[in-house]
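In: I'll drop the sequence and a predicted model, then ask my questions.
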Amino acid sequence: MALGSQGIAVAHAEGAGTAYISNERGNTVSVIDLGSGKAVATWQVGARPRGIALSRDGGKVFVAVGNDNAVEVRDRKTGALISTLPSGQDPEQFYPSRDGRLLFVANENDAATTAIDLARGQVAWQVPVGRDPEGVTESPDGKWLVVTSEDQSFLTWVDLATHQAVDQTQTEPRPRHVEFTPDGRELWVADEAGQVVQIVDPTSHKVTATIPFAPPETQAYKVLPCGIRFTRDGKLAVVALGRANHIALVDVPTRKVLGYVRVGGRPWHLAFSPDERDVIVANGTTDDVSIVDLATRAVRATIPAGGGPWGVAIAP
């Protein structure tokens with residue numbers, strides 16, 4: 001078993017995978033081998049990288065470089081820049097379409113969402129949404145694109161058949177991230193300033209439940225939910241709680257918080273290891289990554305990254 005930077009067993013070496021971490025202040029991407037618990041490469045990228053994801057074919061890494069108003073496409077194995085996609089003003093988060101043809105980008109300064117045709121490397125269409133959009137996701141059935149408006153505290157529902165915004169859902173203040181459950185029956189919204197996660201019915205577009213958080217020995221005002229991820233079976237959700245320096249483990253069927261794990265400073269986003277035994281957490285103020293063992297609910301290792309870790313993408 002490999003050891004991490006603190007001498008703790010890191011990850012299950014067999015099929016552990018690789019984590020790609022966007023470092024917002026460092027203008028880099030850290031490449032971490034989860035089997036050895038070490039950063040094996042650092043890519044220099046554009047200015048203020050935040051959103052990061054693998055292409056659907058697994059061969060490329062997309063990186064939103066907000067201050068360059070672009071999305072970089074990089075070779076997953078070498079980090080070499082393949083192309084730069086026009087994305088609108090200040091791209092923050094994005095979502096590769098489920099069919100692999102488009103990249104949906106939330107443009108913070110445009111109050112719009114841009115769909116980029118990946119084969120042509122051009123903007124396919126753009127739709128106005130609320131001010132200061134950040135979170136964006138596609139429903140599992142391919143019918144909806146949902147975009148958060150941090151400034152106006154609502155979700156915009158875009159009909160992907162017509163490319164038109166057709167509905168809004170009011171949320172608690174400052175929704176940062178949205179994530180559908182794998183079965184598509186629920187949409188979870190991380191309301192940072194509202195300090196809760198809200199659950200929305202994708203059929204009615206109405207809020208049906210709210211989940212509060214109270215990590216131990218933490219001042220309430222520091223609880224600022226951001227990233228959300230689900231296990232593939234949809235039974236467990238993990239939520240990054242920002243300045244609370246914790247992640248929360250939530251039972252999806254009952255919506256009950258099962259427990260909390262203290263991680264590094266200001267966890268932004270997270271992802272599961274390929275075998276779903278661990279959660280990889282990007283800690284924005286301590287410039288490191290926490291590897292959390294879900295079985296023990298403890299940090300397995302802390303791995304140095306670049307300046308201001310923000311996003312996490314995982315490859316097998």
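Out: In hand now; what should we look at? Numbers count the residues shown, from 1 in each chain.
In: count of residues packed around residue 186?
Out: By other C-beta atoms under 10 Å, 20 other residues sit near residue 186. Any C-beta I mention is one placed from the backbone N, CA and C, and that applies to glycine too.
In: which residue packs closest to it, ignoring adjacent ones?
Out: residue 199 (5.3 Å; C-beta to C-beta, 6 or more residues apart in numbering).
In: report the contact partners of residue 312.
Out: Shown in contact with residue 312 (C-beta atoms under 8 Å, 6 or more residues apart in numbering): 19, 20, 21, 52, 227, 269, 270, 271, 280, 281, 282, 289.
In: try residue 229
Out: With C-beta under 8 Å, 6+ apart, residue 229 has these contacts: 179, 237, 238, 270, 271, 272, 279.
In: can you say which of these are buried?
Out: For those, a neighbour count by 16 or more other C-beta atoms under 10 Å gives the buried set as 179, 237, 238, 270, 271, 272, 279.
In: got the phi and psi for the residue nearest to residue 186?
Out: phi -110, psi 130 (degrees, to the nearest 10).
In: go ahead and confirm it touches residue 185.
Out: No: assessed by C-beta atoms under 8 Å, residue 199 is found out of contact with residue 185, at 9.8 Å.
In: so for these two, which sits in the more crowded spot?
Out: For residue 199 against residue 185, the residue with the higher neighbour count under other C-beta under 10 Å is residue 199, and the figures read 19 against 14.
In: which residues touch residue 43?
Out: 28, 29, 31, 74, 79.
In: sorry, back to before: which among the buried ones among the contacts of residue 229 gets closest to residue 149?
Out: Residue 149 lies nearest to residue 179 out of those, by C-beta to C-beta, at 16.5 Å.
In: now whichever strand or helix holds that closest one - C-alpha only, PDB.
Out: Taking DSSP states H and E as the definition, one finds residue 179 inside strand 175-180. Extracted in PDB, the C-alpha atoms of strand 175-180 (Å, rounded to 0.1, in the frame of the first residue of the first chain):
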ATOM      1  CA  PRO A 175     -26.600  28.500  -5.800                       C
ATOM      2  CA  ARG A 176     -23.200  27.300  -6.800                       C
ATOM      3  CA  HIS A 177     -23.600  23.800  -8.100                       C
ATOM      4  CA  VAL A 178     -26.300  21.500  -9.500                       C
ATOM      5  CA  GLU A 179     -26.200  17.700  -9.800                       C
ATOM      6  CA  PHE A 180     -28.800  15.200 -11.000                       C
END
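In: of the contacts of residue 43, which belong to strands?
Out: 28, 29, 31, 74 (DSSP state E).
In: the stretch 151-300 of the chain: helices as residue ranges?
Out: Read by DSSP state H, counting those that start in this stretch, the stretch 151-300 of the chain holds no helices at all.
In: hmm, back to that, for the contacts of residue 229, work out which two are farthest apart.
Out: Farthest pair in these, by C-beta to C-beta: 179 and 279, 14.2 Å.
In: distance of the nearest residue to residue 101 once chain neighbours are set aside relative to residue 160?
Out: In this structure, residue 101 finds its nearest non-sequential neighbour in residue 118, 6.2 Å apart by C-beta to C-beta, 6+ apart. Separation of residue 118 from residue 160 (C-beta to C-beta, to the nearest Å) stands at 16 Å.
In: check contacts around the residue lying closest to residue 65 once chain neighbours are set aside.
Out: Spatial nearest neighbour of residue 65, chain neighbours left out: residue 46 (3.0 Å); criterion: C-beta to C-beta, 6+ apart. Applying C-beta under 8 Å, 6+ apart, we find residue 46 in contact with 27, 63, 65, 67, 68, 70, 72, 84.
In: ok, now with 7 Å
Out: Residue 46 is in contact with 27, 65, 68, 70, 72, counting by C-beta atoms under 7 Å, 6 or more residues apart in numbering.
In: hang on, it is in a helix, isn't it?
Out: No: the assignment for residue 46 (DSSP: H, G, I helix; E, B strand; the rest coil) gives coil, which keeps it out of a helix.
In: mind checking pLDDT for it?
Out: In this model, residue 46 is scored at 98, pLDDT.
In: same question, residue 155
Out: Reported pLDDT for residue 155: 98.
In: can you get me a residue count around it?
Out: 26.
In: skipping its backbone neighbours, what lies nearest it in space?
Out: According to C-beta to C-beta, 6+ apart, the nearest residue to residue 155 is residue 169 (4.3 Å).
In: same thing with residue 239?
Out: According to C-beta to C-beta, 6+ apart, the nearest residue to residue 239 is residue 248 (4.5 Å).
In: if I look at that neighbour, how far off is residue 235?
Out: 15 Å.
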